[in-house]
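Chemist: Provided below are the primary sequence and the corresponding predicted coordinates.
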Amino acid sequence: MKKLIFVFVIAIGTGAFGIYGQTKDDDIIKLLKISGTEKMTDQMMDILIPQFKILVPGIPDTFWVKFREKLNINEFILACVPAYSKYYTHDEIKQLIKFYESPLGKRMVEVTPLISQETMAIGQKWGEKLGQDIVKELINDGYIDNI
């Protein structure tokens, strides 16, 4: 029995039964994947490519389809690892993984892209109104002529 307990303690200490013992970088990659980074990056591309189509008209859709297919989101995830490593300890990364594996964390991953879409639209409208307000005040204060 003592032998079995000893093996169990060693297994826990070396990470055989969980995330403990993995490298910090491995855990950061896991965190980025389970927190929805891939989905958010896809969503960002869905917004950016139509904007590029407007900026560079006349490019055939086949180009944009091929470009989208070539995107390597794992490359982006790997590029993000140093930033997470800089600001979070390995223990904090493990705690974040536990959160994102919880029901609330999974729910957050599910709704964050939806919230982001809505808040981006809100931010765009707010920014347009802010720009109009700035122009009005500049005209009222005599800094610029009426446009």
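Modeler: Okay, I see it.

Chemist: could you use CA atoms for every contact and neighbour count after this?
Modeler: Fine.

Chemist: and this structure, what are its domains?
Modeler: Listed domain ranges for the chain are 22-101, 109-147 (source: automatic domain parsing).

Chemist: out of these, deepest packed?
Modeler: Stretch with highest mean neighbour count among the domains of the chain: domain 22-101 (a mean of 14; mean count of other CA atoms under 10 Å).

Chemist: and the spatially most central residue of the chain, how far from Tyr87?
Modeler: Against the mean C-alpha coordinate of the chain, by CA atoms, centre = their mean, the closest residue is Thr37 at 3.9 Å. Per CA to CA, to the nearest Å, Thr37 is found 17 Å from Tyr87.

Chemist: just Ile115 next, same as before
Modeler: 25 Å.

Chemist: list the contacts of the helix or strand hosting Ile49.
Modeler: Using DSSP states H and E, Ile49 maps to helix 37-55. Identification of contacts with helix 37-55 by CA atoms under 8 Å, 6 or more residues apart in numbering yields 32, 59, 64, 68, 73, 77, 113.

Chemist: the helix or strand of the chain with the lowest mean pLDDT: what's the following helix or strand?
Modeler: Scoring the helices and strands of the chain by mean pLDDT, DSSP states H and E places helix 2-14 at the bottom, with a mean of 43. Downstream of helix 2-14, the next assigned helix or strand under DSSP H and E is helix 24-34.

Chemist: same for that next one, what does it pack against?
Modeler: helix 73-87, helix 90-101 (3 or more CA pairs under 8 Å, 6 or more residues apart in numbering; DSSP states H and E).

Chemist: what's in contact with that helix?
Modeler: 19, 38, 77-78, 81, 84-85, 90, 93-94, 96-97, 100-101, 109.

Chemist: circling back: take the helices and strands packed on helix 24-34 and write them to JSON lines, including distance to Met44 and mean pLDDT.
Modeler: Converted to JSON lines, these look like this (distance: least, CA to CA, whole Å; pLDDT from 0 to 100):
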{"stretch": "helix 73-87", "distance to Met44": "11", "mean pLDDT": "95"}
{"stretch": "helix 90-101", "distance to Met44": "21", "mean pLDDT": "98"}
